[in-house]
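Colleague: Build me a structure from this.
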Amino acid sequence: MPTKNQKIAPRKPRTDAQRNRERILEVAKEAFTRSGANASLDDIAKEAGVGAGTLYRHFPTRDALIEAVYRTEVEKLAAAQRKFSDAMPPVEALRAWMLLFVDYIATKQIIAPALNTLVGGPSKLYEGSRSQIQGAIDSLVKRAIKSRDIRRDLEPFDLLRALIGVSHVASGPDWQQSARRLVDILITGSRPIK
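Modeller: Numbering: from 1, shown residues only. As a prediction, this is how the structure comes out:
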């Protein structure tokens with residue numbers, strides 16, 4: 001029994017509960033991307049292989065699920081930066097992360113309207129994600145500059161701004177293929193001038 005000054009560490013979720021949560025988030029991302037933010041929560045639960053009660057235990061409201069999908073995508077971007085940096089040459093890590101960012105834009109395009117309806121708006125949610133994303137691309141670009149794969153005068157935010165600009169034209173069915181081509185153009189244009 002803990003003494004008065006000892007704090008009890010929160011219990012880790014059971015492995016199966018964590019798996020259910022992750023599966024719900026992945027299925028929800030796909031459903032929101034496919035059908036918009038009003039996708040059926042019952043269908044999401046069914047496709048995730050859980051009951052509606054399990055979904056609502058993890059995410060009591062639609063807004064909670066949408067916000068969790070968004071946060072998870074941002075966390076994946078941050079984690080991918082580290083993973084790519086550990087496993088790939090600098091410029092390839094940057095390219096892989098930029099391609100992943102295109103997928104993030106697709107998810108954000110679908111759920112942004114729903115995020116905007118959250119009480120108080122999404123500003124705090126966006127602020128936290130902005131710093132994680134900025135930190136990831138800063139690290140990748142600095143590493144590529146150090147290896148001399150990317151020109152020294154390149155500002156990481158310029159690459160990010162170009163990718164974000166893609167989201168403003170993300171209306172056609174083939175915009176993601178176009179965005180992927182843009183990543184290669186951006187990488188080529190970022191190479192040192194010889």
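Colleague: residue boundaries of the helices in the chain?
Modeller: Under the criterion DSSP state H, helices of the chain are mapped to 15-35, 41-48, 52-58, 62-87, 90-116, 123-146, 156-167, 175-189.
Colleague: Contacts only, for residue 154.
Modeller: By C-beta atoms under 8 Å, 6 or more residues apart in numbering, residue 154 lies in contact with 141, 145, 190. Bear in mind the C-beta positions are built from the backbone N, C-alpha and C, glycine included.
Colleague: Give me the number of neighbouring residues for the last one.
Modeller: What it means is residue 190. Residues lying near residue 190 (other C-beta atoms under 10 Å) number 20.
Colleague: Which residue, other than its chain neighbours, is closest to it?
Modeller: residue 150 (4.9 Å; C-beta to C-beta, 6 or more residues apart in numbering).
Colleague: phi, psi of the one you found?
Modeller: Torsion angles at residue 150 (phi, psi; degrees, to the nearest 10) stand at phi -130, psi 150.
Colleague: now do residue 88
Modeller: Dihedral angles for residue 88 - degrees, to the nearest 10 - are phi -130, psi 160.
Colleague: that older thread, didn't the residue nearest to residue 190 look like it was pressed against residue 91?
Modeller: Yes. Residue 150 is within contact range of residue 91, at 6.5 Å (criterion: C-beta atoms under 8 Å).
Colleague: For these two, list the residues in contact with both.
Modeller: The contact sets of residue 150 and residue 91 overlap at residue 144 (C-beta under 8 Å, 6+ apart).
Colleague: Which of those two has more residues huddled nearby?
Modeller: residue 150 (23 against 19).
Colleague: Show me the protein divided up by domain.
Modeller: Domains of the chain are assigned by automatic domain parsing as 13-60, 64-189.
Colleague: how far away is the residue nearest to residue 49 when sequence neighbours are not counted from residue 55?
Modeller: Once flanking residues are discounted, residue 49 sits nearest to residue 23: 6.7 Å by C-beta to C-beta, 6+ apart. Going from residue 23 to residue 55 by C-beta to C-beta, to the nearest Å gives 10 Å.
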